[in-house]
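*Asks:* let's see this in three dimensions:
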Amino acid sequence: MIDGDREPDTGEADIDLDAGVEPHADAGAGAGAGARAGARADAPLEQPLAGGNASAGVVRVGDTVRKPWLAATPAVHAYLALLAERDPELPLPRAHGRDAAGRQVLDFVPGTPALELPPFDTATLRMVGALIRRIHDASPTPDEWMRAARPPFATPLLPTPVAASASGEPDLIGHHDLAPWNLVVDTGTDTATAPTRLTFIDWDGAGPTTRAWELAYALPAFAFAHADADPREVAGRVRDLWHGYTEPDAAAFDPADLRPRTLALLARRAEAMHDHLRASHAAGVEPWATMFTAGHGAHWRGVADFLAAHPCVWMRALT
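*Replies:* As a prediction, the model looks like this:
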């Protein structure tokens, strides 16, 4: 939904929906299919994008995606701009302001959602780890982000006491949901080959965090940890992603410090996700309220218990 009746002055350009938008050079090619009900015959076609748990109102228009404008959108767009400025080759959906309907305009990212693919092999998991490392290395501090954002604030996806106390003082801005359901895999024209490009999407929950808090979420998510998983199989995938993150020259952080902090947060991060869904259900905040009763609450409770039950396994994996 559009935030309020009066649009805030964000300093971002309005874009004519009917005129479309010039996509960033990294945007995918192709046109959307399907038409808006009641749209003019010469208006761009809109293709609803299904999948995910918060896809209501998300459509593809040509080489762009249109999403509801949220209170935190100006700050999120500022974050994406800072990432692109600091690492121009970083795969990102570039933001292009808003269209005439008040929606945010982002690059469409071509490829296949990771959840629709078989589990990643070692090489691909290392690619994921290396990509997360690049994102963190290019990310601004909270102070830098606030100075760049218009208005200078944003709301993290998980503003919970667990996040604040367990993770430590936030020292960077992060995605807050680095997981297979937010990763698009592009293999070019040959879907049987290794990925040529990995891109994280859905940055709406970006906010202050730490490397350890982000990794404590991404590691079990990409390792497909769940209540009935085999700890040895999960540990192997955790190890692959961890090595992808830590093997490049660690000038930006101390791996010897990051390892114990990440280990200490694995179960607590999953617990925080469960608590966030439960609190949202109690307050009637969607889409998390429905997710809690639809099985996501039980899933994250099971993940937290599973991670807490095997600390020595994860300790050996993060070597």
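*Asks:* the helices in this protein, which residues?
*Replies:* Along the chain, counting by DSSP state H, helices occupy 73-86, 122-138, 142-148, 161-167, 211-222, 231-246, 255-283, 288-291, 297-309, 311-317.
*Asks:* which of these sits most buried?
*Replies:* Neighbour counts (mean count of other Cβ atoms under 10 Å) averaged over each of these peak at helix 211-222, with a mean of 26. Yep, even glycine has a C-beta here, placed from its N, CA and C like the rest.
*Asks:* before we move on, the earlier item: now tabulate the helices of the chain in JSON lines and tack on mean pLDDT and distance to Val184.
*Replies:* As requested, the helices of the chain are exported to JSON lines (pLDDT from 0 to 100; distance: least, Cβ to Cβ, whole Å):
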{"stretch": "helix 73-86", "mean pLDDT": "93", "distance to Val184": "15"}
{"stretch": "helix 122-138", "mean pLDDT": "97", "distance to Val184": "11"}
{"stretch": "helix 142-148", "mean pLDDT": "84", "distance to Val184": "24"}
{"stretch": "helix 161-167", "mean pLDDT": "50", "distance to Val184": "26"}
{"stretch": "helix 211-222", "mean pLDDT": "97", "distance to Val184": "14"}
{"stretch": "helix 231-246", "mean pLDDT": "97", "distance to Val184": "17"}
{"stretch": "helix 255-283", "mean pLDDT": "93", "distance to Val184": "22"}
{"stretch": "helix 288-291", "mean pLDDT": "92", "distance to Val184": "21"}
{"stretch": "helix 297-309", "mean pLDDT": "97", "distance to Val184": "22"}
{"stretch": "helix 311-317", "mean pLDDT": "98", "distance to Val184": "26"}
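*Asks:* quick one: closest of those helices to Asp177.
*Replies:* helix 211-222 (7.5 Å; Cβ to Cβ).
*Asks:* orientation of that closest one relative to helix 297-309 in degrees?
*Replies:* 110 degrees (axes from the mean of the first three to the mean of the last three Cα atoms, to 10 degrees).
*Asks:* give me the helices and strands touching helix 211-222, please.
*Replies:* For helix 211-222, the packing partners by 3 or more Cβ pairs under 8 Å, 6 or more residues apart in numbering; DSSP states H and E come out as helix 122-138, helix 161-167, strand 172-174, helix 231-246, helix 255-283.
*Asks:* cutoff 7 Å now
*Replies:* On a contact count with 3 or more Cβ pairs under 7 Å, 6 or more residues apart in numbering; DSSP states H and E, helix 211-222 meets helix 122-138, helix 161-167, helix 231-246, helix 255-283.
*Asks:* circling back to that earlier point, can you tell which of the helices of the chain is closest to Asp99?
*Replies:* helix 73-86 (12.5 Å).
*Asks:* out of the helices of the chain, which gets nearest to Ala194?
*Replies:* When those are ranked by proximity to Ala194 (Cβ to Cβ), helix 122-138 comes first, at 6.4 Å.
*Asks:* for that closest one, packing partners?
*Replies:* helix 73-86, strand 197-200, helix 211-222, helix 231-246.
*Asks:* mind putting the helices and strands packed on helix 211-222 in a markdown table, distance to Ala148 included?
*Replies:* Formatted as a markdown table, the helices and strands packed on helix 211-222 follow (distance: least, Cβ to Cβ, whole Å):
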| stretch | distance to Ala148 |
| --- | --- |
| helix 122-138 | 13 |
| helix 161-167 | 22 |
| helix 231-246 | 25 |
| helix 255-283 | 26 |
